[in-house]
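Undergrad: how would this look folded up:
(one chain, ligands or ions: 1)
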Amino acid sequence: MSKAGTGPDKVTVPRLVRKKARGEKIVALTAYDYPSARILDRAGIDVVLVGDSAANVVYGMATTLAIGMEEMVYHTRAVATGVERALVVADMPFLSYQVSAAEAVANAGRFLKAGAEAVKLEGGAAIAETVRRLVELGIPVMGHLGLTPQSVHRLGGYRLQARTAEEQERLLADARRLEEAGCFSIVLEKVPAEPAARVTGALAIPTIGIGAGPGCDGQVLVLHDMLGMFDEPPFKFVRRYAELHETMSRAVAEYADDVRSGRFPDRDHSFHLDEGR
Ligand code: KIV
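TA: Next comes the predicted model:
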């Protein structure tokens with residue numbers, strides 16, 4: 001379980017918001033399991049997001065629409081167990097907050113019980129009243145604007161958002177509504193750098209960009225994308241810091257070779273009666 005509010009370095013919601021005023025960049029990554037969360041936390045990542053991108057990178061689903069509360073709560077519990085310092089944010093899955101504010105409260109509460117310290121919801125003005133209710137009840141909310149993958153069918157794909165002047169005005173208006181409703185930060189996904197910087201400049205709360213240029217107050221990436229877990233060319237906005245698909249494929253093939261050829265296990269990796277244990 002994450003140790004919310006303990007430790008001098010603990011990233012809390014108010015501390016995260018203060019980073020913006022101090023001009024300190026916020027570093028966020030997704031995680032879905034205990035070992036990854038532990039590595040991220042020990043590396044000093046500020047926000048560990050249990051993203052519903054788990055649908056894509058853990059379950060191999062084509063969209064995030066099919067992942068549900070049970071899976072997301074399960075991943076949140078695993079991540080929270082591995083985190084001591086970072087702020088743990090859980091993504092609320094499709095239809096867990098859109099039907100009514102009461103359902104949103106009940107579902108957000110399940111994430112907090114599983115160890116999350118905040119939840120993330122996609123959408124602007126349409127969810128502002130739900131955000132207000134959650135925040136009133138003590139549940140911190142991170143917003144998510146721009147490309148909102150749960151609306152993939154309305155958007156017609158995973159395209160760059162806020163390209164026209166009208167869309168840019170709507171993005172800014174939605175960001176202001178979310179800030180007024182009490183969001184403590186907003187993810188801006190796949191929007192041009194210029195409107196993202198404009199939104200960032202207009203808000204007192206931090207923006208966290210993914211494919212939104214360098215003008216945001218922080219950055220987030222999907223862990224599996226930045227670690228190169230998949231043998232596919234990365235999206236334009238992803239920088240790969242490792243090629244884990246290669247490393248893992250090589251390791252697994254080497255192991256298979258060793259077992260088949262009898263090189264593993266060898267004497268050193270076996271127990272023997274003459275060793276006395
Ligand atoms: O689900 C997720 O990983 C996200 C990030 C892309 C921000 O929402």
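
Undergrad: tell me the first helix or strand C-terminal of the helix or strand containing residue 88.
TA: Taking DSSP states H and E as the definition, one finds residue 88 inside strand 87-91. Counting by DSSP H and E, the element after strand 87-91 in chain order, helix or strand, is helix 101-113.

Undergrad: so what touches that next one?
TA: Residues outside helix 101-113 that contact it (C-beta atoms under 8 Å, 6 or more residues apart in numbering): 69, 72-73, 76, 90, 92, 96-98, 119, 121, 129-130, 133-134, 137, 139. Every C-beta, even on glycine, is put in place using the N, C-alpha and C of the backbone.

Undergrad: next: stretch 26-42.
TA: 16, 19-20, 44-51, 53-54, 57-58, 75, 78-86, 88, 185, 206, 208, 217-224, 226.

Undergrad: in the stretch 1-150 of the chain, which residue sits nearest the ligand?
TA: residue 51 (2.3 Å; C-beta to the nearest ligand atom).

Undergrad: can you pull the pLDDT of that residue?
TA: pLDDT, residue 51: 98.

Undergrad: got it, and residue 3?
TA: 54.

Undergrad: residue 7 now?
TA: 84.

Undergrad: which stretches of the stretch 51-200 of the chain form strands?
TA: 87-91, 118-120, 141-146, 185-189 (DSSP state E, counting those that start in this stretch).

Undergrad: just send those strands back as TSV, with mean pLDDT too.
TA: Shown next, in TSV, are the strands of the stretch 51-200 of the chain (pLDDT from 0 to 100):
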stretch	mean pLDDT
strand 87-91	98
strand 118-120	99
strand 141-146	99
strand 185-189	99
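
Undergrad: now the ones you listed in JSON lines, with mean neighbour count and distance to the ligand?
TA: As requested, these are exported to JSON lines (neighbours: other C-beta atoms under 10 Å; distance: least, C-beta to the nearest ligand atom, whole Å):
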{"stretch": "strand 87-91", "mean neighbour count": "29", "distance to the ligand": "5"}
{"stretch": "strand 118-120", "mean neighbour count": "25", "distance to the ligand": "6"}
{"stretch": "strand 141-146", "mean neighbour count": "28", "distance to the ligand": "6"}
{"stretch": "strand 185-189", "mean neighbour count": "27", "distance to the ligand": "5"}
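
Undergrad: and the ones you listed as JSON lines, adding distance to residue 243?
TA: As requested, the strands of the stretch 51-200 of the chain are arranged in JSON lines below (distance: least, C-beta to C-beta, whole Å):
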{"stretch": "strand 87-91", "distance to residue 243": "27"}
{"stretch": "strand 118-120", "distance to residue 243": "29"}
{"stretch": "strand 141-146", "distance to residue 243": "28"}
{"stretch": "strand 185-189", "distance to residue 243": "24"}
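
Undergrad: around the ligand, pick out the residues from the stretch 1-150 of the chain.
TA: 30, 49, 51, 52, 53, 91, 144 (C-beta under 6 Å from any ligand atom).

Undergrad: list of residues touching the helix or strand encompassing the second one?
TA: It stands for residue 49. Here residue 49 sits within strand 47-50, counting by DSSP H and E. With contacts defined as C-beta under 8 Å, 6+ apart, strand 47-50 is touched by 11, 16, 26-32, 37, 40-41, 72, 75-76, 79, 83, 86-91, 116, 120, 208, 218, 220.
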